[in-house]
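Undergrad: The amino acid sequence is not available; the structure is as follows:
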């Protein structure tokens, strides 16, 4: 099944380079390129891609607003934020707006393709090193006001709460299964129930939720 991708970046060389790299990857098709957020939003509406690679700093409608607009529209399209090596100050806000993860602009082609495939199948890109940097940024922006008694948590079982904590710490399903000594299929079931009960889009949003209510704190 081909994964359809839109690339949004205000630098033509970056767009062209990404298009060439992705075009050589099996099962991925670039269906559009946008130089700003407004064009990315329009291309999403026109082509219904599986994934948008979204730069943040673009003229006019930036990546933050475009991400929020795409998510708020109810589109099934998932957004991956493109950033430089140093965590962009707006990445956390983009994730909170509904992005499903982020990739570095110098990511090797194979890893870029794997990231796109991961997000396209509904998973998030939250490796432990990525989570650490996101937490640092979250702290810099003011952190959360601890609210571990948030009523939404009452909808979760004790085991589901444990799984949510581990998701927020960047654990994969395999790692969660090992930590809790349960089957990986059981973990997948718990994750699905967590997302459904909390009305969250994906694992990234679940992690953001956990940080925002103070269930998981930096450190």
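TA: In hand now; what should we look at? In this text, all values refer to a predicted model and were calculated from it rather than measured experimentally. Numbering: from 1, shown residues only.
Undergrad: my read is residue 41 is in a helix, agree?
TA: Yes: the assignment for residue 41 (DSSP: H, G, I helix; E, B strand; the rest coil) places it in a helix.
Undergrad: Contact partners for it?
TA: Residue 41 makes contacts with 61, 66, 69-70, 73, as judged by Cβ atoms under 8 Å, 6 or more residues apart in numbering. For glycine as for every other residue, the C-beta is placed from the backbone atoms N, C-alpha and C.
Undergrad: one more time with 10 Å
TA: Listed by Cβ atoms under 10 Å, 6 or more residues apart in numbering, the contact partners of residue 41 are 6, 8, 34, 52, 61, 65-70, 73, 75, 77.
Undergrad: in the protein, what secondary structure element scores lowest on mean pLDDT?
TA: Taking mean pLDDT, DSSP states H and E as the measure, the chain has helix 128-140 as its least confident helix or strand, at a mean of 61.
Undergrad: ok, back up a step: buried only: go through the contacts of residue 41 for me.
TA: Buried members of those, counted by 16 or more other Cβ atoms under 10 Å: 6, 8, 34, 52, 61, 65-70, 75, 77.
Undergrad: Report the contact partners of the spatially most central residue of the chain.
TA: The geometric centre of the chain, computed from its C-alpha atoms, lies nearest to residue 100 (Cα atoms, centre = their mean), at 1.6 Å. With contact taken as Cβ under 10 Å, 6+ apart, residue 100 is in contact with 51-52, 67, 71, 77-81, 115, 118-120, 122-126, 201-205.
Undergrad: Compute the distance between it and residue 205, please.
TA: When Cβ to Cβ, to the nearest Å is the yardstick, residue 100 and residue 205 sit 8 Å from each other.
Undergrad: Over to residue 163?
TA: 14 Å.
Undergrad: cool, and residue 37?
TA: When distance is defined by Cβ to Cβ, residue 37 is 20 Å away from residue 205.
Undergrad: and these two? which has more neighbours close in?
TA: The residue with the greater number of neighbours, taking residue 37 and residue 205 and applying other Cβ atoms under 10 Å, is residue 37; the counts read 27 against 21.
Undergrad: Give me the distance between that one and residue 175.
TA: Residue 37 is 35 Å from residue 175, by Cβ to Cβ.
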